[in-house]
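Peer 1: No letters, just coordinates:
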């Protein structure tokens, strides 16, 4: 049983289409970590548009994979970009998201033999 992600929504919207589920899994494993690096770059450089764009792109995938806490945290990143906050305000939140994504990717790779 998955600890760091939940595929219930994916199966629900796909009518248990295993090929669709595999596509979502592959998308998550390949794109989300790279997109998260762009969020980090945006935070580091105070490029609020960059950080917002990639946070907004990641958000639906986190929701789809049942990563509720990471989803709520990415909303905090979006809010931070809109307020143009200070880097120190969001660093720990970013680290938390990155940790959750890393654990989910590791677990998915193991569970799906990727």
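Peer 2: Sure, I can see it. From a predicted model like this one, the values you see are computed outputs, not experimental measurements.
Peer 1: Quick check: which ranges of this structure have low pLDDT?
Peer 2: By pLDDT under 70, the weakly predicted segments of the chain are 1.
Peer 1: And the helices in it?
Peer 2: Assigned by DSSP state H, the chain shows helices spanning 8-14, 18-44, 48-64, 68-83, 87-111.
Peer 1: Mind listing what's buried along the third one?
Peer 2: Right, the one you point to is helix 48-64. By neighbour count on 16 or more other CB atoms under 10 Å, the buried set for helix 48-64 is 48, 50-59, 61-62, 64. Placement of C-beta: from N, CA and C, glycine included.
Peer 1: ok, back up a step: using CSV, please lay out the helices of the chain together with distance to residue 2.
Peer 2: Putting the helices of the chain into CSV (distance: least, CB to CB, whole Å) gives the following:
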stretch, distance to residue 2
helix 8-14, 10
helix 18-44, 11
helix 48-64, 13
helix 68-83, 13
helix 87-111, 6
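Peer 1: What separation do you get for the closest residue to residue 71 other than its chain neighbours and residue 105?
Peer 2: Excluding its sequence neighbours, the residue lying closest to residue 71 (CB to CB, 6 or more residues apart in numbering) is residue 62, at 4.2 Å. Separation of residue 62 from residue 105 (CB to CB, to the nearest Å): 12 Å.
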